[in-house]
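1. Can you look at this prediction? I've put the sequence above it.
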Amino acid sequence: DQQVKQNSPSLSVQEGRISILNCDYTNSMFDYFLWYKKYPAEGPTFLISISSIKDKNEDGRFTVFLNKSAKHLSLHIVPSQPGDSAVYFCAASAQGTYKYIFGTGTRLKVLA
Amino acid sequence: DGGITQSPKYLFRKEGQNVTLSCEQNLNHDAMYWYRQDPGQGLRLIYYSQIVNDFQKGDIAEGYSVSREKKESFPLTVTSAQKNPTAFYLCASSIQGHQPQHFGDGTRLSIL
């Protein structure tokens, strides 16, 4: 049973436009969510996080939105740049645990 | 520069051999993790350690073993009992739970 799902394996966006990456989860105990960016043959790099007490967190071009009732979060990248082309993973964790559950990733391609 | 070092970057194993992957961090983080990534899949947790001399099984611990004798080091042994060891292995650390994880650049293990 996959508790964290990224249903879009890939996404292509024109440079300068908005990229929206989506993530759904099933476990209502999850209360901390993160987004990572990964280039080939490298480890993931932390981008942005959000706690369940918030519904939005912003850091520069990156904004994460959390809809707890729908068990859905999304990452918005505005404006998208060619250097943003990578695989993006969402991850979730429940209070009191050190375990993170990762989604399968979405490959973003930003077209120049 | 603080970070996580995984070595080697590429590793080859003969059938029936055990092999140990190294992970060292100088971030003074308490928690360390091992993940496995297969093509088209997310990161799956093998083992994690919240503190020195303590570790817990993750979701796919069978065929693997770890030790945490020092805060800085969390080596992973892939034993001959692991039937499908070919994968990309990632080590991570965090200050504690519910904090972003920092990842190494991974070790790609292949069977000869």
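-> On my side now, so go ahead. Numbers count the residues shown, from 1 in each chain, chains lettered A, B, ... in the order given.
2. from here on, contacts and neighbour counts on C-alpha atoms
-> Will do.
3. Quick one: the strands in chain A, in order.
-> A:4-5, A:10-14, A:19-25, A:30-38, A:45-51, A:56-59, A:62-67, A:72-77, A:86-94, A:101-102, A:106-111 (DSSP state E).
4. Need phi/psi at the residue in chain A that chain B sits nearest to.
-> Using CA to the nearest CA, A:Thr104 is the residue of chain A that sits closest to chain B, at 3.8 Å. Phi and psi for A:Thr104, reported as degrees, to the nearest 10, are phi -80, psi -10.
5. can you list the residues of chain A near chain B?
-> A:32, A:34, A:41-46, A:49, A:89, A:93, A:95-105 (CA under 8 Å from any CA of the partner chain).
6. How about A:Gly43: what's its closest non-neighbour residue?
-> Nearest non-adjacent residue to A:Gly43, counting by CA to CA, 6 or more residues apart in numbering or on different chains: B:Asp105, 4.2 Å away.
7. Now for B:Ala81: which residues touch it?
-> B:62-64 (CA atoms under 8 Å, 6 or more residues apart in numbering or on different chains).
8. Where does it fall, secondary structure wise?
-> Under DSSP states H and E, no helix or strand contains B:Ala81.
9. Next: the one 10 residues further on.
-> According to DSSP H and E, B:Cys91 maps onto strand B:87-94.
10. Show me what the very next helix or strand once past that strand is packed up against.
-> Note on strand B:87-94: by DSSP H and E, the next helix or strand toward the C-terminus is strand B:102-103. Helices and strands touching strand B:102-103, by 3 or more CA pairs under 8 Å, 6 or more residues apart in numbering or on different chains; DSSP states H and E, are strand A:45-51, strand B:87-94.
11. How about residues contacting the last one?
-> Contacting residues not belonging to strand B:87-94 are listed as A:43, B:4, B:6, B:23, B:25, B:29-38, B:100-110 [CA under 8 Å, 6+ apart].
12. Tell me the buried residues in that strand?
-> Neighbour counts using 16 or more other CA atoms under 10 Å in any protein chain shown place B:88-94 of strand B:87-94 among the buried residues.
13. With the first one instead?
-> Going by neighbour count (16+ other CA under 10 Å), the buried part of strand A:45-51 is A:45-51.
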